[in-house]
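# Just the structure for this:
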Amino acid sequence: MTLLKALKADHEKAKALLDKILEAEDGTERKSLFAQFAEELTAHSRAEEKVLYARLKKAEEGKDEALEGAVEHQIVDRLIEDLKKNSNTKSDEWSARCGVLQELLEHHIEEEEDEMFKTARKLFDAKSLEKMGEEFLAEKAKFGTDAKESAAA
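Purely as a prediction, here's the structure:
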């Protein structure tokens, strides 16, 4: 699987999980779904930074996009940590923070898929993107259990 296909699949899964979290009315279900979401998104982000962003930073054309993406990852990481600390997943404040997380994530994904993917296609040939996809899945597998399942697929 190419890197861009693997990233897009993860993006779709993350968006769907966030929708389920915000739709869930049961606090225990929300907490469980959020734990899964946080683990998967962290694995995705760290692997993406190591495999794609590191390479883009070396190219003048991709440097700014990679730096901006990394900053957006840091902001999302902080918001995830805030949400983990607040155990009352049924509170209006928790829901509002999670809604902001959803908005940030959707913005990040849209920019990444529209702009960064175009840059990656310009800078890397199909064979390189395929190899990067394998590296991405291997990096992701170093994190949670779901990431290991994805790497095996």
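# only C-alpha atoms for contact and neighbour calcs from this point on.
Noted.
# which other helices and strands contact the biggest helix by length in the chain?
Secondary structure of the chain per DSSP state H: the longest helix is helix 60-85. For helix 60-85, the elements it packs on are helix 27-48, helix 54-57, helix 92-111, helix 117-123, judged by 3 or more C-alpha pairs under 8 Å, 6 or more residues apart in numbering; DSSP states H and E.
# Turn the ones you listed into CSV, including mean neighbour count, distance to Glu81 and mean pLDDT.
CSV is the format used below for the helices and strands packed on helix 60-85 (neighbours: other C-alpha atoms under 10 Å; distance: least, C-alpha to C-alpha, whole Å; pLDDT from 0 to 100):
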stretch, mean neighbour count, distance to Glu81, mean pLDDT
helix 27-48, 18, 9, 95
helix 54-57, 18, 24, 97
helix 92-111, 16, 11, 96
helix 117-123, 15, 28, 97
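# can you put those in CSV and add distance to Lys8?
Shown next, in CSV, are the helices and strands packed on helix 60-85 (distance: least, C-alpha to C-alpha, whole Å):
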stretch, distance to Lys8
helix 27-48, 11
helix 54-57, 18
helix 92-111, 9
helix 117-123, 10
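# Tell me which of those helices lies nearest to Lys140.
Proximity to Lys140 (C-alpha to C-alpha) singles out helix 27-48 among the helices and strands packed on helix 60-85, at 5.1 Å.
# Show residues contacting that closest one.
The contact list for helix 27-48, computed with C-alpha atoms under 8 Å, 6 or more residues apart in numbering, reads 7, 10, 14, 17-18, 20-22, 24, 73, 77, 80, 87-90, 136-137, 139-144, 146-147.
# One more pass at 7 Å, please.
Here helix 27-48 makes contact (C-alpha atoms under 7 Å, 6 or more residues apart in numbering) with 14, 17, 21, 24, 73, 80, 89-90, 136, 139-140, 143-144, 147.
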